[in-house]
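Q: structure of the sequence below:
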Amino acid sequence: MSTRRLVVGISGASGFIYGVRLLQLLRELDIETHLTVSRSALLTMTHETDYKLADVSALASVTYRCDDMAAAISSGSFRSMGMIVAPCSMKTLAEIASGMSSTLISRAADVTLKERRPLVLLARETPYTLAHLRNMTAVTEMGAIVAPPVPAFYARPASLDQMIDHTLGRVLDLFGLEAGTVKRWRETDTPANAPAPQPA
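A: Sure thing, here's the model as predicted:
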């Protein structure tokens, strides 16, 4: 059984397109994806995109209902490279931080943590309350990586699509996956063209 597969959760925070584009990139990388979408995310989908759930499900290898607590990804015996929640709402973050599993997303995240696999949360909210910050601290202490989708302006993105792709490329870096969407800082610099050091 191949373990070149990732669990993907899409929760109800703004930024539904992050989850969609993530699935597209993983398909291009031939990574098996196991998807679950929260009910709130479906509302966000209708407000922010022209996608239907069937369109998004078609991008994944396997899709599970958000209330299917008997799904394969709810068990630690399900082998995977880890899990990405894109975007991750503050409600989902709070459930993961507290160990509560009222949805398949939070249950799959709990399983990912207990099996010591990478869990990356694209926490999407601003500004943060103290509760949000404490929950981020809690999940970080538990082994998760909080990766808010913050644009990298040094890459000089020419479009929203480029911003999204750069962010997701950096997320996939955390799993050792090269999506080809990251403009890496000074990676093409050589001694001949590197900027001269500035005086202190």
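
Q: pLDDT weak spots in the chain?
A: Low-confidence segments of the chain, defined by pLDDT under 70, span residues 1-2, 188-200.

Q: what about 80?
A: Counting by pLDDT under 80, the low-confidence segments of the chain come to 1-3, 187-200.

Q: any chance you could map the helices in it?
A: Using DSSP state H, the helices of the chain run over residues 16-28, 39-48, 53-57, 90-98, 104-114, 130-142, 160-173.

Q: for the last one, list the C-alpha coordinates in CSV.
A: This file holds the C-alpha atoms of helix 160-173, laid out as CSV (Å, rounded to 0.1, in the frame of the first residue of the first chain):
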residue,chain,number,x,y,z
LEU,A,160,-3.9,36.4,-6.7
ASP,A,161,-3.2,32.9,-8.2
GLN,A,162,0.5,33.4,-7.9
MET,A,163,0.1,34.4,-4.2
ILE,A,164,-2.0,31.3,-3.6
ASP,A,165,0.5,29.0,-5.4
HIS,A,166,3.5,30.4,-3.5
THR,A,167,1.8,29.8,-0.2
LEU,A,168,0.8,26.3,-1.0
GLY,A,169,4.2,25.5,-2.5
ARG,A,170,5.7,26.5,0.9
VAL,A,171,3.2,24.3,2.7
LEU,A,172,4.1,21.3,0.4
ASP,A,173,7.8,22.0,1.2
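
Q: so what touches it?
A: Outside of helix 160-173, the residues within contact range by C-beta atoms under 8 Å, 6 or more residues apart in numbering are 17-18, 21-22, 25-26, 29, 84, 86, 120, 122, 147, 149-152, 155, 157, 178-183. All C-beta spots, glycine's among them, are computed from the backbone N, C-alpha and C.

Q: can you give me the buried ones in it?
A: Of the residues in helix 160-173, those buried by neighbour count under the rule 16 or more other C-beta atoms under 10 Å are 162-172.
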